[in-house]
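In: coords below, sequence missing:
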């Protein structure tokens, strides 16, 4: 038997509505809508960044919400946070509360508890909230860097001024360099004359060397003649007496 | 006629048309809220409309939601991981997917499938003088034609949009495990932490507004057809343009409500 | 049975008839066609469902019974474009008969049933459903007088 259209529509509507309702009920139950809760009062010197509904976080998990905000007689902000019974165990007497405002993302109150065995925080006690602000932290971190950059910039400016004076000033490097270059040019002109003289000397020397060659040839000839004379004398001496070898 | 006069005429004509439509919308809304509107005939139409709009497309809708939703969620998760914004996973899931993507995707699908069909159907009825026949037999057009279709629009968009969200959340379990190595418990906890009931209420109202207007506007446009066949494509295209404009306006208004 | 000299006079009389019986006028006219996206039985049952909040099942059974009496039960699930001229006419007649204390007015029946040789078949149908309506008028032109035979004498 075919299923009627009415039946299909009924199943769809009831089934989907029931699924949605169950999902919402589960959500409500998980978010503690059906649970009794504890209300704690915190105080903060500023209400800046605080909002009703802001999450209260313990170890990265939401354990409650900011329920209301009001000013006390001294001008401090009283923050009432509501924490379901099952999460109340995380809030002890030695818990400290930090209002954390990240650079990106929603602000939250972070609960830190060092000793979970310490007694539970009484609901009539007022705990203080410390503020940690990512934007201010970032500005604080950037501030010294900015100051250094500024100092560097000033120093670079003064260095540039000094460099100008030293390079382009009356007593600066460039005028002196010009002077030296002028001197060098004058000296180079003189050097040119010297080089010419040297060339001349060299030429004369070359000519002198030619004379020396002739002289040497004469000397060689004289030496050869002397050698011949010496050999003749040696031969004459050899003929006149035999050589004696006397041993010591 | 001088140019300023023409501009003035045009603007005044537009404002009058908008005022007429708003007046009509208020009239329909009041009738939808009146129990006497619902008799055996309108209930039959309502059942048929829900059947054709939601039940008949349910398998395709679930398949498309799973495919498109998974792709989208995978891309978004990967982008979050690359940007080092893993801590915003829950906010993205709830703030972007449940309150923005799901209603928008659903309304787009239903508008394309049913909005155009309703527009053409009513225009054809007007051309064939069937609307006149209903009036002659004292069958109220708003009660019989509009109320069931508008109620169907609201029911269908709300239910399908939430189904889309549920499908996406479920595929999110898989992707969060694969991309971030997050266990199901942690994933559920992240979702719970980022859920605001006010966001869900805004999403619900937005879906209802979408459903109301994506059916009302095509019918209103369809009723403006003349007795000529050629008027059908004209009123259908005009109606569809108005529907998309209405979707954008509702989207912007919902964003403003959430910002305030 | 009322005959008119021309279209204008007939239309005027028709409008007057409708105005005079705002709650009970039940026209069977080419100008007021069946709803195309409803089945034949639903076109008839719609009047009871809408005005008397008659449940779907009960109205369906009632309409099927009436169609059966006219020998037309097979057309119950057909829609307007699928109906023959005669079938369409009888569905329109039954729809008109669904109006509470219906004052039926048949507007130019031969315009809707050009194949009809004489009016006898329509009279027989009217007789079959005579418990459903309070009165029945037929409007047509003078020159159609012969087609109605004894009805005009």
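Out: Nice, I can see it. Since this is a predicted model, take the numbers as computed values, not measurements. Numbering: from 1, shown residues only, chains lettered A, B, ... in the order given.
In: what's stretch B:161-176 in contact with?
Out: Outside stretch B:161-176, the residues that touch it by CB atoms under 8 Å, 6 or more residues apart in numbering or on different chains are A:16, A:19-20, A:23, B:61-62, B:65-66, B:69-70, B:72-74, B:77, B:89, B:93, B:97-98, B:101-103, B:105-107, B:182, B:184, B:187, B:191, B:203, B:207. (Each C-beta comes from the backbone N, C-alpha and C, glycine too.)
In: for that stretch, which positions count as buried?
Out: Residues B:161-169, B:171-172, B:175-176 are the ones in stretch B:161-176 that count as buried (16 or more other CB atoms under 10 Å in any protein chain shown).
In: spatially central residue for chain A, please.
Out: residue A:145 (11.4 Å; CA atoms, centre = their mean).
In: so which elements touch the helix or strand encompassing it?
Out: If you go by DSSP states H and E, residue A:145 is part of helix A:134-168. Applying 3 or more CB pairs under 8 Å, 6 or more residues apart in numbering or on different chains; DSSP states H and E, one finds that helix A:134-168 makes contact with strand A:96-101, helix A:173-240.
In: for the ones you listed, give me a markdown table that also has distance to residue B:85 and mean pLDDT.
Out: Formatted as a markdown table, these follow (distance: least, CB to CB, whole Å; pLDDT from 0 to 100):
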| stretch | distance to residue B:85 | mean pLDDT |
| --- | --- | --- |
| strand A:96-101 | 17 | 86 |
| helix A:173-240 | 56 | 81 |
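In: just name the most buried of the ones you listed.
Out: Ranked by mean neighbour count, the helices and strands packed on helix A:134-168 are led by strand A:96-101 with a mean of 18 (mean count of other CB atoms under 10 Å in any protein chain shown).
In: what parts of chain A come near chain B?
Out: A:5-6, A:8-9, A:12-13, A:16-17, A:19-20, A:23-24, A:27-28, A:30-31, A:53, A:55, A:61-62, A:104-106 (CB under 8 Å from any CB of the partner chain).
In: give me the buried entries from those residues.
Out: By 16+ other CB under 10 Å, those give A:5, A:8-9, A:12-13, A:16, A:20, A:24, A:30-31, A:55, A:62 as buried.
In: which residues of the chain score low on pLDDT?
Out: Defaulting to chain A. Applying pLDDT under 70 to chain A flags the ranges A:1, A:134-139, A:141, A:237-248.
In: oops, I was thinking of chain C
Out: Residues of chain C that meet the cut-off, pLDDT under 70, sit at C:150-153.
In: so what's the residue nearest to the spatial centre of chain C up against?
Out: Nearest to the centroid of the C-alpha atoms of chain C, with distances taken as CA atoms, centre = their mean, sits residue C:93, at 2.0 Å. Going by CB under 8 Å, 6+ apart, residue C:93 touches C:28, C:104, C:106, C:122, C:125-126, C:129.
In: so of these, which two are at opposite extremes in space?
Out: Within the contacts of residue C:93, two members stand farthest from each other by CB to CB: C:106 and C:129, at 12.7 Å.
In: between these two, tell me which one has more neighbours.
Out: Between residue C:106 and residue C:129, residue C:106 has the larger neighbour count (other CB atoms under 10 Å in any protein chain shown), namely 23 against 19.
In: roughly how far does that one sit from residue C:140?
Out: Distance of residue C:106 to residue C:140, given as CB to CB, to the nearest Å: 8 Å.
In: try residue A:225
Out: Distance from residue A:225 to residue C:140, by CB to CB: 176 Å.
In: likewise for residue B:225?
Out: Per CB to CB, residue B:225 is found 31 Å from residue C:140.
In: who has more neighbours out of those two?
Out: The residue with more neighbours, out of residue B:225 and residue C:140, is residue B:225; 25 against 22, by other CB under 10 Å.
In: about what we covered before: in strands, which of the buried ones among the residues of chain A next to chain B fall?
Out: Residues of those located in strands (DSSP state E): A:55, A:62.
In: closest one to residue B:30 out of the buried ones among the residues of chain A next to chain B, please.
Out: residue A:13 (23.7 Å).
In: who touches that closest one in this structure?
Out: Applying CB under 8 Å, 6+ apart, the residues near residue A:13 are B:50, B:155, B:159.
In: is chain C contacted by the helix or strand hosting residue B:19?
Out: For residue B:19, the host element (DSSP H and E) is helix B:3-32. No - Helix B:3-32 does not reach chain C (CB under 8 Å from any CB); its nearest approach is 14.2 Å.
In: distance between that helix and the chain's centre?
Out: With CA atoms, centre = their mean, to the nearest Å as the basis, helix B:3-32 stands 22 Å off its chain's centre.
In: what helix or strand does residue A:67 sit in?
Out: Judged by DSSP H and E, residue A:67 forms part of strand A:61-71.
In: just the angle between that strand and strand A:96-101, please?
Out: Orientation check (axes from the mean of the first three to the mean of the last three CA atoms, to 10 degrees): strand A:61-71 against strand A:96-101 gives 90 degrees.
In: excluding its backbone neighbours, what's nearest residue A:83?
Out: residue A:64 (3.6 Å; CB to CB, 6 or more residues apart in numbering or on different chains).
In: can you check residue B:247 too?
Out: That would be residue B:107: by CB to CB, 6+ apart, it lies 6.0 Å from residue B:247.
In: so which bits of chain C are right by chain B?
Out: Counting by CB under 8 Å from any CB, chain C sits next to chain B at C:18, C:22-23, C:25-27, C:31-37, C:42, C:46-47, C:49-51, C:53-56, C:59, C:95, C:99.
In: which stretches in chain C count as helices?
Out: C:7-20, C:40-52, C:56-69, C:85-97, C:109-112, C:120-128 (DSSP state H).
In: the shortest one - contacts with which helices or strands?
Out: With contacts defined as 3+ CB pairs under 8 Å, 6+ apart, the packing partners of helix C:109-112 are helix C:85-97, strand C:133-141.
In: next one: the shortest one to chain centre, how far?
Out: Just to be clear, that refers to strand C:133-141. Counting by CA atoms, centre = their mean, strand C:133-141 comes out at 10 Å from the chain centroid.
In: same check on stretch C:83-97?
Out: 6 Å.
In: who are the neighbours in contact with residue A:80?
Out: Contacts of residue A:80 by CB under 8 Å, 6+ apart are A:39-42, A:66-70.
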